[in-house]
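Asker: A predicted structure for the sequence below; I have some questions about it.
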Amino acid sequence: MKPRQQPPQVQDRQPGNEGEMTPAPEFMPRFAGANKLQNKVPLITGGDSGIGRSVAVHMAREGADIAIAYLDEHDAKKTAHYVEAEGRRCLTIAGSVADESFCQDVVEKVIVEFGKLDILVNNAAEQHEKGGKGPLDIPQKQLLQTFQTNIFGYFYMAKAALEHLKAGAAIVNTASVTAYKGNKELLDYSATKGAIISFTRSLSQALIDTHIRVNAVAPGPIWTPLIPASFDAEKTLAHGSQAPMKRAGQPNKVAPCYVFLASEEASYMTGQVLHPNGGTIVNG
């Protein structure tokens, strides 16, 4: 099978702009909704673009009103438009999940706007290619920033959300295939994604008696703004070609995993990980 490639392209800052990508990521749901999340309220971090945007629209199609937290991108307005086109409300809040006070503020705004919180999707992330000659030549600033966004932010958001989540609620964390395979160019990013797996399993155990479920999704190479914002043109061109399916996945091939894990259909699942990764076999 010949690898399917994207045109070479780069963006100059993270988390990237979906409107500048060629081709545009496919984020819209492919099927009619079935009221799986009727009148639920999810909070989705990194919900402005990429996987987060697709999760927002998919959950809206299933009957949920949506809150999204995002860094500072204009993509959030477009996401809100698509959520509202599904007949649901959308609250957008800008700021960094690396700031614990922001996470607390986001949750309080969701409660004020919607009166409750039923689902937390921890999805915001950043990644940076290793710069120096040695495998551990990662600047301290980058190391701290990656961990603060990718794992500290999950802790902060879960801590704030748990004050309002009730029995039957769900937390879904975004991990990565790199947590299982590793990536020699993304040591800090891969380490945070491994931490997210352990965080998911540990928190699921801690909350088992509260009937709040905690699961994760570990995507493979997905065509999102984080890719041209993280890699050079050559690597962006080849993104996904090493997966067994020889292509990058689209956000709307991943978002249904989040809908499932947030819904009653997954009521007997906690501490588990789903793997939409193009056929890569992983252990654990």
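Answerer: In hand now; what should we look at? Residues are numbered from 1 along each chain as shown.

Asker: going forward, measure contacts between C-alpha atoms and count neighbours the same way
Answerer: Fine.

Asker: List the buried residues of the lengthiest helix in the chain.
Answerer: Criterion DSSP state H: the longest helix present in the chain is helix 187-206. Going by neighbour count (16 or more other C-alpha atoms under 10 Å), the buried part of helix 187-206 is 187-197, 199-201, 203-204.

Asker: got it, and stretch 71-79?
Answerer: Applying 16+ other C-alpha under 10 Å to stretch 71-79 flags 71, 73, 75, 76, 79 as buried.

Asker: Tabulate these in a markdown table, adding columns for pLDDT, distance to residue 239 and secondary structure.
Answerer: Formatted as a markdown table, the buried residues of stretch 71-79 follow (pLDDT from 0 to 100; distance: C-alpha to C-alpha, whole Å; DSSP: H, G, I helix; E, B strand; the rest coil):
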| residue | pLDDT | distance to residue 239 | secondary structure |
| --- | --- | --- | --- |
| 71 | 93 | 24 | coil |
| 73 | 73 | 23 | coil |
| 75 | 85 | 22 | helix |
| 76 | 93 | 25 | helix |
| 79 | 96 | 24 | helix |
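
Asker: Closest to residue 55 out of those residues?
Answerer: Using C-alpha to C-alpha, residue 79 comes nearest to residue 55 of the buried residues of stretch 71-79, at 10.2 Å.

Asker: from what I can see the closest one touches residue 50, true?
Answerer: No - here residue 79 does not reach residue 50: they are 10.0 Å apart, not a contact under C-alpha atoms under 8 Å.

Asker: ok so, going back, out of the buried residues of helix 187-206, who's nearest residue 252?
Answerer: Nearest member of these to residue 252, counting by C-alpha to C-alpha, is residue 193, at 21.1 Å.

Asker: The closest one and residue 183 touch, don't they?
Answerer: No - using C-alpha under 8 Å, residue 193 is not in contact with residue 183; the gap is 11.0 Å.

Asker: Name the next helix or strand downstream of the lowest-mean-pLDDT helix or strand in the chain, please.
Answerer: Ranked by mean pLDDT, DSSP states H and E, the helix or strand of the chain with the weakest confidence is helix 226-230, at a mean of 69. Following helix 226-230 in sequence order, the next helix or strand is helix 233-237 (DSSP states H and E).

Asker: mind listing what the nearest residue to residue 53 once chain neighbours are set aside touches?
Answerer: Once flanking residues are discounted, residue 53 sits nearest to residue 47: 4.9 Å by C-alpha to C-alpha, 6 or more residues apart in numbering. Counting by C-alpha atoms under 8 Å, 6 or more residues apart in numbering, residue 47 touches 53, 55, 56, 68, 69, 70, 76, 79, 123, 124.

Asker: What is the neighbour count of the spatially closest residue to residue 218 that is not a sequence neighbour?
Answerer: Distances taken as C-alpha to C-alpha, 6+ apart place residue 176 nearest to residue 218, at 4.0 Å, with adjacent residues excluded. Neighbours of residue 176 under the rule other C-alpha atoms under 10 Å: 27.

Asker: who touches residue 176 in this structure?
Answerer: The neighbours of residue 176, taking C-alpha under 8 Å, 6+ apart as the test, are 190, 193, 217, 218, 219, 220.

Asker: on that earlier part again, measure the residue nearest to residue 53 to residue 92 for me?
Answerer: To residue 92, residue 47 is 9 Å away according to C-alpha to C-alpha, to the nearest Å.

Asker: before we move on, what about residue 200?
Answerer: 25 Å.

Asker: what do you get for residue 13?
Answerer: Distance, residue 13 to residue 92, by C-alpha to C-alpha: 21 Å.

Asker: Would you mind telling me which of these two has more residues around it?
Answerer: Each of residue 13 and residue 92 has its neighbours counted (other C-alpha under 10 Å); residue 92 has more, 20 against 12.

Asker: Show me the beta-bridge partners of that one.
Answerer: For residue 92, the residues forming beta bridges with it (DSSP bridges) are residue 68.

Asker: so it sits right up against residue 67, yeah?
Answerer: Yes - at 5.9 Å, residue 92 and residue 67 qualify as touching, with contact defined as C-alpha under 8 Å.

Asker: tell me the SS of residue 97?
Answerer: Here residue 97 is recorded as coil under DSSP: H, G, I helix; E, B strand; the rest coil.
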